[in-house]
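In: no sequence on this one, just coordinates:
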Ligand code: PHE
């Protein structure tokens, strides 16, 4: 018997099916229990072995081609249905941009972003630590044991109660505890900055109880003061976006660095405004302290779980608010935290201007 005509017709009808229900109906019609092709398969049982040898492959071939065609049609219709659904379900989540955007990026956020960009370019990662810190990380591990006089210099906010592990808790007075946390968590070598809020009980035109610092820590082999000086110069030139930045390194003391160096930048007094650049010893110029730094004290490296005979490093901590005032010309630190919209719209930055080294880190709004 010739099944070509039966097959031809079945395939045409399958091809013509425009929805999944029709495909299913055709499957039942051809291949279901009572289906026409299933019926043909049953006739094999009544044939002689010779007939079966001839007819068997034909009927099975027919069944297979119909089954394949049904499956292909089903796939195609399902894909089309999915495409249609995806097209129909498109939602526009964007808001129309306001004609005159009101919000601005706070100068502190802007400067933090600028610094992260500058240090990322030098291979520094960003690390963080808690603002509620225990006394060990904030002081002891940084070579300030309990009776150390340097503790008194920090005007610390202490918590009235100890924590569950009986530790004395403080609002961190500097970002330096992140040095310890990062060494303990990540080992060496390290190249990190740690931006964040710090707290001291102090308030006047140049001090607020909460302010911002960025800590930098490099731990590696054979690190020396030259690396510190180069890093500071490169960072301050990039930050102030001028080449004529002159630094003065003054010997100083911090318990966690040895030797310790305080860093001044030269500036000119131009109509009551401090403009950074040039030597502080030049006529009309003076020096201003901008940060504390030094080679990481051996004891701090030990507290960080590292062997100080193998690893050395430098660290510095810089006041972010102070850097913002110097670059963008604000004169009262307290205004930073008043949330006055007029101040923010004057000193704030466009949210769409992201600091980049190629585009200039500090394009004012
Ligand atoms: N933690 C110091 C401060 O807050 C700054 C500093 C950081 C000095 C790292 C040296 C090294 O004054």
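Out: Noted; the coordinates are in hand. Keep in mind it's a predicted model, so treat the numbers as computed, not measured. Residues are numbered from 1 along each chain as shown.
In: Would you list the phi and psi of residue 198?
Out: Dihedral pair for residue 198: phi -140, psi 160, per degrees, to the nearest 10.
In: Residue 82: how many residues sit nearby?
Out: Using other CB atoms under 10 Å, residue 82 is surrounded by 10 other residues. In short, each C-beta sits where N, CA and C put it, glycine included.
In: Roughly how far does it sit from the ligand?
Out: According to CB to the nearest ligand atom, to the nearest Å, residue 82 and the ligand sit 58 Å apart.
In: That residue belongs to a helix, doesn't it?
Out: Yes. Residue 82 sits within a helix when classified using DSSP: H, G, I helix; E, B strand; the rest coil.
In: Quick check, pLDDT for it.
Out: pLDDT for residue 82: 93.
In: can you check the one 4 residues further on too?
Out: The per-residue pLDDT reported for residue 86 equals 90.
In: So it: helix, strand or coil?
Out: Here residue 86 is recorded as helix under three-state DSSP.
In: For the ligand, give me its nearest residue in the stretch 101-250 of the chain.
Out: At 3.3 Å from the ligand, residue 174 is the closest residue in the stretch 101-250 of the chain, using CB to the nearest ligand atom.
In: Quick check: phi and psi on that residue?
Out: phi -160, psi 170.
In: Check residue 79 too.
Out: When read as degrees, to the nearest 10, the backbone of residue 79 gives phi -60, psi -40.
In: Check the gap between it and the ligand for me.
Out: Residue 79 sits at a distance of 61 Å from the ligand (criterion: CB to the nearest ligand atom).
In: can you pull out the strands in this protein?
Out: 125-126, 132-134, 169-171, 190-199, 210-220, 247-254, 257-270, 273-276, 285-296, 312-319 (DSSP state E).
In: looking at those, which is buried most?
Out: strand 312-319 (a mean of 24; mean count of other CB atoms under 10 Å).
In: Output the contacting helices and strands for that one.
Out: Counting contacts by 3 or more CB pairs under 8 Å, 6 or more residues apart in numbering; DSSP states H and E, strand 312-319 packs against strand 210-220, helix 225-240, strand 257-270, strand 285-296.
In: and with 7 Å instead?
Out: Counting contacts by 3 or more CB pairs under 7 Å, 6 or more residues apart in numbering; DSSP states H and E, strand 312-319 is packed against strand 210-220, helix 225-240, strand 285-296.
In: Those residues of this structure touching the ligand, which are they?
Out: Within reach of the ligand by CB under 6 Å from any ligand atom, the chain has these residues: 174, 176, 215, 254, 257, 292-294, 315-317.
In: returning to that earlier point: how about CSV for the strands of the chain, with distance to residue 75 and mean pLDDT added?
Out: Below are these laid out as CSV (distance: least, CB to CB, whole Å; pLDDT from 0 to 100):
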stretch, distance to residue 75, mean pLDDT
strand 125-126, 48, 97
strand 132-134, 59, 97
strand 169-171, 63, 96
strand 190-199, 53, 97
strand 210-220, 58, 97
strand 247-254, 70, 96
strand 257-270, 69, 95
strand 273-276, 68, 90
strand 285-296, 65, 96
strand 312-319, 62, 97
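In: Columns distance to residue 19 on top of those, output as a markdown table?
Out: Shown next, in a markdown table, are those (distance: least, CB to CB, whole Å):
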| stretch | distance to residue 19 |
| --- | --- |
| strand 125-126 | 56 |
| strand 132-134 | 63 |
| strand 169-171 | 67 |
| strand 190-199 | 60 |
| strand 210-220 | 64 |
| strand 247-254 | 77 |
| strand 257-270 | 76 |
| strand 273-276 | 74 |
| strand 285-296 | 73 |
| strand 312-319 | 69 |
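In: hang on, the earlier thing: show me which pair in the residues of the chain next to the ligand is furthest apart.
Out: Largest separation among the residues of the chain next to the ligand by CB to CB: 174 and 294, giving 13.5 Å.
In: can you pull up the bridge partners for the residue nearest to residue 222 when sequence neighbours are not counted?
Out: In space, and not counting its chain neighbours, residue 222 is closest to residue 312: 7.0 Å by CB to CB, 6 or more residues apart in numbering. According to DSSP bridges, the partner residues bridging residue 312 are residue 220.
In: Surely residue 312 and residue 225 touch.
Out: No. Counting by CB atoms under 7 Å, residue 312 sits too far from residue 225 to count as a contact (10.4 Å).
In: joint contacts of these two?
Out: residue 295 (CB atoms under 7 Å, 6 or more residues apart in numbering).
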